[in-house]
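Colleague: mind looking at a prediction? Sequence and model below.
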Amino acid sequence: MRVLIVGGGGREHALGWKIAQSPLLSKLYFSPGNPGTEGLGSNVQLMDQAAMVQFAADESIDLVVVGPEKELVDGIADALALKGIPCFGPSKAAAQLEGSKAFSKEVMDRVGVPTAKYGAFTDYDQACKFLEKMGLPVVIKADGLASGKGVTICQTRDQGKAALKEAMLDQRFGSAGNMVVIEEFLTGTEASFHVITDGERLLRLPTAQDHKALGEGNTGPNTGGMGTCSPNPVWTERMSDEVMESVAGPIIDYMRDQGMPFRGVLFIGLMLTWHGPKVLEFNVRFGDPETQVMMPRIKTDLLPVLFQSARGRLEVQDLEIDPQHAVCVVLSAAGYPDSPRKGDVITGIPESGPDQVVFHAGTAHGRDHEVITSGGRVMGATAWAGNLETARKRAYKVANQVQFEGKYMRKDIGLK
Ligand code: AMP
Ligand code: GLY
């Protein structure tokens with residue numbers, strides 16, 4: 001099979017690493033990929049969605065696997081479908097589950113999924129009135145995609161009003177803030193649960209725990225994720241059953257009944273509260289850096305699974321999951337998440353081995369072909385072992401070998 005992976009982060013490197021192990025693969029492309037994906041396939045620079053679709057048609061691509069949500073929300077699956085090219089990832093209509101927070105909250109309400117109480121507003125004055133009635137802290141979210149920056153946790157009503165003004169009147173997130181969701185603050189531990197679906201059948205992926213805050217002990221600003229472990233140490237099999245029964249199944253059924261069948265991966269972001277798991281958000285793509293710890297634990301050949309999901313006919317019944325523990329430690333650049341420094345030379349990147357791999361994310365080639373930093377989350381040092389402690393030590397050993405000016409990592413990934 002000839003496969004094109006869209007995206008260039010750690011998630012796409014990890015997906016490519018797994019897909020490259022499939023005996024069914026004949027050719028692998030990444031657009032744009034990164035220096036880490038060069039060893040797995042060919043990186044191609046396709047400027048926009050039209051160019052990607054044209055490339056897929058010209059190169060007789062059998063399957064396009066889409067990493068980032070933006071392309072899906074912009075309708076790449078629909079554009080590929082017009083050319084008869086299977087795409088792993090939902091249609092534009094189904095991608096609204098991530099593309100519009102108001103849409104996803106409404107769907108959750110209709111289906112009766114446990115989630116935070118909320119209101120959705122396009123009018124600033126009405127939003128302010130609703131805010132007065134909410135307890136504190138309160139969460140304000142821009143409705144549309146805002147590169148992970150659209151969520152503000154407000155400790156006071158004044159902060160809440162300022163966040164509403166920024167989103168709705170000052171257009172800080174552009175049109176993504178024309179509508180806002182004001183939501184009850186949930187306390188607990190966050191968890192990531194993924195299912196692959198063809199719109200009807202569901203396959204569970206390994207559980208994962210992300211570490212969103214920049215600082216140790218979950219302090220400091222929120223990031224895209226500073227590290228992950230799989231399995232999630234605070235997760236139980238019962239929670240999987242509960243989330244399958246009360247969230248994943250009903251949501252997929254609802255989307256199908258509404259004429260928007262969801263094909264691809266549904267990433268359910270959860271808060272494990274005293275009252276049970278509640279949904280924080282849906283993502284219509286794999287988590288990053290969750291993928292970096294899920295892929296090493298999947299024993300089943302993933303390529304036919306992704307293809308079957310894209311074609312709307314999952315035949316694989318279950319994924320075989322390795323009981324080992326995997327840990328990914330994100331190495332970030334100085335200044336992340338606000339203004340990451342770029343251009344620092346990276347050295348000491350260890351070779352991949354049977355129980356470790358460094359997934360590239362924000363990296364590029366410098367003038368002399370050296371690898372340099374080019375984004376906030378630079379790499380994910382990933383390792384696995386029979387127990388969490390050994391996996392953790394191995395991942396940190398790898399993380400310590402990589403050197404670049406301003407390198408930062410959390411020291412407590414997988415400690416809880
Ligand atoms: P979202 O994009 O909706 O997942 O929000 C990003 C992050 O903000 C989440 O991963 C949580 O850390 C935090 N967050 C979002 N909604 C809530 C909430 N209702 N209560 C507490 N934290 C939240
Ligand atoms: N790691 C969280 C996300 O991918 O959204």
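Modeller: The structure has been received and is ready for your questions. Ligands and ions are numbered 1, 2, ... in the order given.
Colleague: verify the stated contact: Gly220 with Lys212.
Modeller: No. Contact criterion CB atoms under 8 Å: Gly220 and Lys212 do not qualify, at 10.0 Å. The C-beta positions use only the backbone N, C-alpha and C, and glycine is treated the same way.
Colleague: how about the residues of the stretch 51-200 of the chain near ligand 1?
Modeller: Ala116, Val139, Lys141, Val151, Glu183, Phe185, Leu186, Glu190 (CB under 6 Å from any ligand atom).
Colleague: looking at these, which is nearest Lys393?
Modeller: Among these, Glu190 lies closest to Lys393 (CB to CB), at 24.1 Å.
Colleague: sticking with the residue nearest to that closest one when sequence neighbours are not counted, tell me its helix or strand.
Modeller: Nearest residue to Glu190, sequence neighbours excluded (CB to CB, 6 or more residues apart in numbering): Met271, at 5.9 Å. Element membership for Met271 (DSSP states H and E) is strand 264-273.
Colleague: what is the mean pLDDT for whatever helix or strand comes next after that strand?
Modeller: Downstream of strand 264-273, the first helix or strand assigned by DSSP H and E is strand 276-283. Across strand 276-283, pLDDT averages out at 97.
Colleague: other SSEs contacting the very next helix or strand once past strand 276-283?
Modeller: Where DSSP H and E defines the elements, the next helix or strand beyond strand 276-283 is helix 290-294. In terms of contacts (3 or more CB pairs under 8 Å, 6 or more residues apart in numbering; DSSP states H and E), helix 290-294 is packed against helix 10-19, strand 189-197, strand 227-230, strand 325-332, strand 377-385.
Colleague: report the buried residues of the next helix or strand along the chain from the third one.
Modeller: On the C-terminal side of strand 227-230, the closest following helix or strand by DSSP H and E is helix 237-243. When neighbours are counted by 16 or more other CB atoms under 10 Å, the buried residues of helix 237-243 are found to be Met239, Ser240, Val243.
Colleague: pick the one among those closest to Gly276.
Modeller: Gly276 has its nearest neighbour among the buried residues of helix 237-243 in Met239, at 8.5 Å by CB to CB.
Colleague: if I pick that closest one, what's in contact with it?
Modeller: With contact set as CB atoms under 8 Å, 6 or more residues apart in numbering, Met239 has these partners: Ala191, Leu272, Pro277.
Colleague: distance of it relative to Asp322?
Modeller: 20 Å (CB to CB, to the nearest Å).
Colleague: and for Pro221?
Modeller: 34 Å.
Colleague: so which of these two has more stuff around it?
Modeller: Asp322 (14 against 11; other CB atoms under 10 Å).
Colleague: I'd guessed the more buried one sits against Met295; true?
Modeller: No. Using CB under 8 Å, Asp322 is not in contact with Met295; the gap is 10.5 Å.
Colleague: closest residue of the stretch 301-416 of the chain to ligand 1?
Modeller: Ligand 1 sits closest to Pro337 of the stretch 301-416 of the chain, with a gap of 12.3 Å, by CB to the nearest ligand atom.
Colleague: before we move on, the earlier item: filter the residues of the stretch 51-200 of the chain next to ligand 1 to the buried ones?
Modeller: Buried members of these, counted by 16+ other CB under 10 Å: Ala116, Val139, Lys141, Val151, Glu183, Leu186, Glu190.
Colleague: give me the contacts around the host helix or strand of the fifth one.
Modeller: In this assignment (DSSP H and E), Glu183 forms part of strand 180-184. Contacts of strand 180-184 from elsewhere in the structure, counted by CB under 8 Å, 6+ apart, are 101-102, 105, 116-121, 127, 130-131, 134-135, 138-143, 160, 164, 167-168.
Colleague: what's the angle between it and strand 276-283?
Modeller: Interaxial angle of strand 180-184 relative to strand 276-283 (axes from the mean of the first three to the mean of the last three CA atoms, to 10 degrees): 160 degrees.
Colleague: pLDDT (mean, whole number) over strand 180-184?
Modeller: Across strand 180-184, pLDDT averages out at 98.
Colleague: much appreciated, bye for now.
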